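Peer 1: Structure here, sequence nowhere to be found:
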């Protein structure tokens, strides 16, 4: 049984007359698997992450999400988190008055902060008493977010474009984090638009116009993704296949 | 008419002072200056070399003149403890603080109203921070659960050339009752002013904060930072005023208010520049708890209420 099984998922924003952002999408993530989700901007990658996490306004219009064989429908974010699903947003928010050590202890036992910081290449002595606020650079904040996920020891970690933005993390940083997740037996849904990042994964899928248009080895999917800029895709077939 | 304080009242005040986070031992430390008053009565006071504390009881409170002598840099903070321990009463504090040229002092004040049902606490302070002098003033309130206290701190502060004036006002324990804080600081050349306030209102609490920094001297710096959280039917109005009146003056007003339930908050930043070489900025965030912050914390397994608590405690820290 897959850890997460997404079947025939449709997501259309409430009240919107536009086409579905996720259009009869199927995807399975296995226990302990690192699964890369490749797709250009606007293809629905982050939307899928929000739907899995159960964010407000991202309730599926159709289809089902099964986690350990049980439906996730109706569970709020924290209830999903307590089942082992968590997520690092593409642009992590800041928290005034919350130290890094306290932030990394949220939802888990204290004492995990230092080792988690070391895993993302941060010196605990320099960071544990810092605030998770605007005094951190974008890159520091992203590392701390990933450290917080590691401290949680989730069963499924969703990482939304850790390699994007002005303060993107290096491929080496991301490999280190992914390796740490794998050692802990966590599955990872690694969302990215860079094929070289996808090569870290065990498997990969390509998202286009809200549908998974191919899945397989990271090399195979990355090779397919390189030729993606057709602008003709209707979600039923890829013009470059 | 001035009242004498009983031993029991003194013990009660010290007990409440400890509950409010104060260290009662410092009041017995001969190397630490302090002033403690309960209602209209002076409980104890002490000056130390370079620090003169002159206080007397008045009809409705106390008058205190505190002077830190020229070029004296007090190694230990001066502790102030004011309070009304009865359910009803009035305490009017008149303070005249003079930090003379080149002097430096830190004041830690605790204001304690644990049983207030109908209590009025008014503070009227005139503060002079001399040239190159520094004053840090931290005031923490400890209120009871009834909301029956009216707190009216008014301060007029003048900061001399190269002087520094930094305050922290915290009222996050118990019910606020009615708060009407009004500080005005005039900053001289190369002076630095920081006004920080943190308040958590509940029930029918009424929070009004007015901070004004007038940057009158060349290269004067000013920062007003206010953090307010209110819930239930509480009301809050925060007015942050900064004027840039001299070349090189730099000011910033930063107000954040979090609103829950039926509470209503208002932020009024007033920034004015009267010299083309001055610059004043402001930011205000007001509303319910940030959705993205909530989602992030919930993704760590925190319930919505736990997430709100983390966010509110954080901004009030």
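Peer 2: Perfect, I can see it now. Because the structure is predicted, anything quoted here is derived from the model rather than measured.
Peer 1: For chain A, which residues score under the pLDDT cut-off?
Peer 2: Applying pLDDT under 70 to chain A flags the ranges A:165-169, A:228-241.
Peer 1: let me redo that: the stretch 101-250 of chain B
Peer 2: Using pLDDT under 70, nothing in the stretch 101-250 of chain B is flagged.
Peer 1: contacting residues for residue A:210?
Peer 2: By CB atoms under 8 Å, 6 or more residues apart in numbering or on different chains, residue A:210 lies in contact with A:11, A:19, A:20, A:21, A:22, A:23, A:25, A:43, A:44, A:47, A:235. Any C-beta I mention is one placed from the backbone N, CA and C, and that applies to glycine too.
Peer 1: what does residue B:275 give?
Peer 2: Neighbour list for residue B:275: B:244, B:245, B:246, B:247, B:249 [criterion: CB under 8 Å, 6+ apart].
Peer 1: related to what we said a few turns ago, any quick PyMOL command for the buried ones out of the contacts of residue A:210?
Peer 2: Burial among those is assessed by 16 or more other CB atoms under 10 Å in any protein chain shown; the matching PyMOL selection reads:
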select buried, chain A and resi 11+20+21+22+23+25+43+44+47+235
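Peer 1: among the contacts of residue B:275, who's most crowded?
Peer 2: Using other CB atoms under 10 Å in any protein chain shown as the neighbour criterion, residue B:249 leads the contacts of residue B:275 with 29 neighbours.
Peer 1: quick revisit: out of the contacts of residue A:210, which sit inside strands?
Peer 2: Applying DSSP state E to the contacts of residue A:210, the entries found in strands are A:11, A:22, A:23, A:25.
Peer 1: partners of the second one in the sheet?
Peer 2: On DSSP bridges, the residues paired with residue A:22 through beta bridges are residue A:11.
Peer 1: Kindly provide the distance from the closest residue to residue B:131 other than its chain neighbours to residue B:70.
Peer 2: Leaving aside its chain neighbours, residue B:131 sits nearest to residue B:160 (4.0 Å; criterion: CB to CB, 6 or more residues apart in numbering or on different chains). According to CB to CB, to the nearest Å, residue B:160 stands 12 Å off from residue B:70.
Peer 1: Those two: who's more crowded?
Peer 2: Neighbours were counted for residue B:160 and for residue B:70 using other CB under 10 Å; residue B:160 has more, 24 against 14.
Peer 1: Phi first, then psi, for the more buried one.
Peer 2: Main-chain torsions, residue B:160, degrees, to the nearest 10: phi -80, psi -180.
Peer 1: Quick one: residues contacting it.
Peer 2: Applying CB under 8 Å, 6+ apart to residue B:160 gives the contacts B:101, B:128, B:129, B:130, B:131, B:132, B:133, B:188, B:191.
Peer 1: can you tell me which of the residues you listed are in strands?
Peer 2: Among the contacts of residue B:160, the members falling in strands (DSSP E) are B:128, B:129.
Peer 1: Chain B against chain A: which residues are in contact?
Peer 2: Residues of chain B lying close to chain A (CB under 8 Å from any CB of the partner chain) are B:227, B:256, B:290-293, B:295-304, B:307, B:310-311, B:313-317.
Peer 1: switch the cut-off to 7 Å
Peer 2: Residues of chain B found near chain A (CB under 7 Å from any CB of the partner chain) are B:290-293, B:295-303, B:310-311, B:313-315, B:317.
Peer 1: which of these are buried?
Peer 2: The buried subset of the residues of chain B next to chain A - by 16+ other CB under 10 Å - is B:293, B:295-302, B:310-311, B:314-315.
Peer 1: Which pair of these spans the longest distance?
Peer 2: B:301 and B:315 (21.6 Å; CB to CB).
Peer 1: Run through the bridge partners of residue B:110.
Peer 2: Beta-bridge pairing for residue B:110 (DSSP bridges): residue B:81, residue B:140.
Peer 1: Check the spacing between it and residue B:59 real quick.
Peer 2: According to CB to CB, residue B:110 stands 24 Å off from residue B:59.
Peer 1: Show me what stretch B:280-294 is in contact with.
Peer 2: Stretch B:280-294 is contacted from outside by A:56, A:93, A:95, B:240, B:242, B:244, B:251-260, B:265, B:267, B:269, B:271, B:273, B:304, B:307-308, B:311, using CB atoms under 7 Å, 6 or more residues apart in numbering or on different chains.
Peer 1: and that stretch, how far apart are its ends?
Peer 2: 32 Å (CA to CA, to the nearest Å).
Peer 1: what does stretch B:200-209 give?
Peer 2: Stretch B:200-209 end-to-end distance (CA to CA) = 12 Å.
Peer 1: how about that stretch: buried residues?
Peer 2: Across stretch B:200-209, burial judged by 16+ other CB under 10 Å covers B:200, B:201, B:202, B:203, B:205, B:206, B:207, B:208, B:209.
Peer 1: contact partners of it?
Peer 2: In contact with stretch B:200-209 (CB under 7 Å, 6+ apart) are residues B:147, B:172, B:175-181, B:197, B:199, B:226, B:228-239, B:316.
Peer 1: List the buried residues for the top helix by length along chain A?
Peer 2: In chain A, taking DSSP state H as the definition, the longest helix is helix A:138-152. Neighbour counts over helix A:138-152 (16+ other CB under 10 Å) mark A:140-152 as buried.
Peer 1: and after it, which helix or strand comes next?
Peer 2: Per DSSP states H and E, the first helix or strand lying C-terminal to helix A:138-152 is strand A:156-160.
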